[in-house]
Every structure is written in structure tokens, then in C-alpha cells.
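>>> Sequence and computational prediction follow.
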Amino acid sequence: MNTRRLVVAGVLALFVSGCSVELHHGLTEEDANDIYVLLQENGINATKILDNSGNEPTFTITVSKQDASAAARLLKEYSLPRPKIVGLESFRMNAGMIPTETEERAKFLEAMQGEVTKALNKIDGVLEAKAIVMIPEQNDLTQPEAKPVNTASVLVKYRPIGERPPLTEKEIKAFVAKSLPDMKEENVAVILSQALPPQAVASPESQLKDVLGFRMTAASANTFRIVVVVAVLLFLTVSAFAVMQTLRSGSPQATSSRPRRRTAADS
């Protein structure tokens, strides 16, 4: 019984691996979990695979061939996986190098933008956020009335929670102003973009079914049933042939046809 179940499991594993395609690889665990949950909630069966071959563990998401197009469209609508944003950690990444003043300033602005962007992307309902920060150079000779003004622009793509966005324009301005040095709310420009409703729907062939204790898509189930039926017929054929051979070898006719050994009395 155990051997039979192992054979069935092996056939299933080979079959399923041939029917799935890679949707995304090199994912962080957070992105992989978000993608996996999103696909499952929309009726698309997905598999999350751990990869430890690199310096840090990453994940790969696979789906059935029938759902690859719908899954890719769904991820695009939800802006997944999220782009990799570098914040203050950029200073630690190049700690051994001595940058020029211009490079140091550019890195500082990039880090400020990254921190604001990452914080906004953490909010439920925000699909994608991007912050652009402008902090002009200043010196001691600059007159107070001619002092350059720090500005920021923020773009937030979102899905509404109920009937309202996850953040209002006023809330975003207040957050950005408090996150950046010498920034005033009136100098923060905000664009809120509502995403269209998702259109991806899993194909009927991808709906999950239970077959012989294994869970698989409907398309896989049909082919798997054929494989199992063929395997059973082959097993019955081989078994019947073995029984016939056994019966033939033990029949009286087969016994009488064998040459009788000569004994001393025959001599």
C-alpha cells in the first residue's frame, strides 16, 4: 500500500511540475506571501518555493499554465512585487568609500525619498507610492528672504478601503512634512490615483479538486485520471499474465509433458 501511494505521488509530482510555469523568482518572503495570498483569494492556485542557493533565502511563485496570463495581469493591477527601494541603508552599503560632497548630497536625497516611499508603501490599501524630494543647497551668504524652499511631490496609487482612500491628501502632506527637514505642508504636492478594479478571473480548469486524496486543478485532474486508469490497466494486464503463467506451470498437462527421470529399476 505504501509503495503504491509513493508511485502515485511520484506520478503526480512529475505531472504537476510539467503543467506549472514560473511567475516570479528572487522574491522576498514578504512579497512572496503577498503574491501567494492575492492569487489564492482570486481563485488562482499558486505554489511558493524556497530557494537557499544564494546569500539570502528567496522565493519563487509558480502557477498553472492556464492561469499564467491572468496571474500576471492581477499582479500588475496590484503593483506586485513591489520595487526595491533603498533608504538610509544606502549609507551602510558604501560605508568603506569616501564620497564627494555632491555624491553625499545626492545619496542623502535618495535616502530621504526612499524612507518616505517605503513608509507609505507599508500602509494597507496603498499599491504603490513614490516620493520625490527637492532640498536646494544653502550657504551662509544666502539672505533669509531669498532662502530656497524645500519641496516634495508624492504619487500614491491605491485601492479604496470602503469608499475612501487609505490616506487623505491632508494626511499625506502632514506625514511628509514631519518626515523631512524644514518641510512645510503647503510645499508638498500630492497626487492620489485610484486603481481600476481587478479583472483577473481564474479559468474553470484551474479550480481545485480532490483526486485520490491529492489536491490539484481541474485540468490536471482530468489528465491525472487518465494516467491512473492506464497505470491500473497495465497493472491488471501484467497481473493476469503472471497468473496465467503460474497456472500453466502447475497444470497436469504441463506436468505430464515433462520427461520422466530414469531410475535404477528402469535399467
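Received, thanks.

>>> wait, is Val229 part of a helix?
Yes. With DSSP: H, G, I helix; E, B strand; the rest coil as the criterion, Val229 is located in a helix.

>>> For it, give its distance to Leu236.
Taking Cβ to Cβ, to the nearest Å as the measure, Val229 falls 11 Å from Leu236. The C-beta positions use only the backbone N, C-alpha and C, and glycine is treated the same way.

>>> Quick check: which ranges of the protein have low pLDDT?
1-18, 86-97, 140-146, 198-222, 224, 250-267 (pLDDT under 70).

>>> just so I have it, where are all the strands in it?
20-27, 46-51, 58-64, 126-134, 151-158, 188-194, 208-211, 214-217 (DSSP state E).

>>> so which of these comes closest to Pro83?
Nearest to Pro83, of all those, is strand 126-134, at 7.8 Å by Cβ to Cβ.

>>> show me where this structure has helices.
2-19, 29-41, 68-77, 89-93, 101-121, 169-179, 218-250, 252-256 (DSSP state H).

>>> could I get those as TSV with mean neighbour count and distance to Pro160?
Shown next, in TSV, are the helices of the chain (neighbours: other Cβ atoms under 10 Å; distance: least, Cβ to Cβ, whole Å):
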stretch	mean neighbour count	distance to Pro160
helix 2-19	12	36
helix 29-41	16	17
helix 68-77	18	14
helix 89-93	11	32
helix 101-121	16	16
helix 169-179	17	14
helix 218-250	12	33
helix 252-256	8	84
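
>>> JSON lines please, covering those helices and showing distance to Ile49.
Output for those, formatted as JSON lines (distance: least, Cβ to Cβ, whole Å):
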{"stretch": "helix 2-19", "distance to Ile49": "11"}
{"stretch": "helix 29-41", "distance to Ile49": "9"}
{"stretch": "helix 68-77", "distance to Ile49": "15"}
{"stretch": "helix 89-93", "distance to Ile49": "27"}
{"stretch": "helix 101-121", "distance to Ile49": "25"}
{"stretch": "helix 169-179", "distance to Ile49": "37"}
{"stretch": "helix 218-250", "distance to Ile49": "17"}
{"stretch": "helix 252-256", "distance to Ile49": "57"}
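
>>> For Glu163, which of these is the nearest?
Short answer: helix 169-179, nearest of those by Cβ to Cβ, at 16.0 Å.

>>> what's next to that closest one, contact-wise?
Helix 169-179 is contacted by residues 112, 115-116, 119-120, 131, 152, 154, 156, 167, 183-185, 187-188, 190, 192 when judged by Cβ atoms under 8 Å, 6 or more residues apart in numbering.

>>> hmm, back to that, among the strands of the chain, which is nearest Thr102?
It is, among the strands of the chain and with distance given as Cβ to Cβ, strand 126-134, at 15.3 Å.

>>> tell me the angle of the closest one relative to helix 68-77?
Angle of strand 126-134 versus helix 68-77, following axes from the mean of the first three to the mean of the last three Cα atoms, to 10 degrees, is 40 degrees.

>>> in strand 126-134, what counts as buried?
Under the neighbour-count criterion of 16 or more other Cβ atoms under 10 Å, strand 126-134 has Val126, Leu127, Glu128, Ala129, Lys130, Ala131, Val133 buried.
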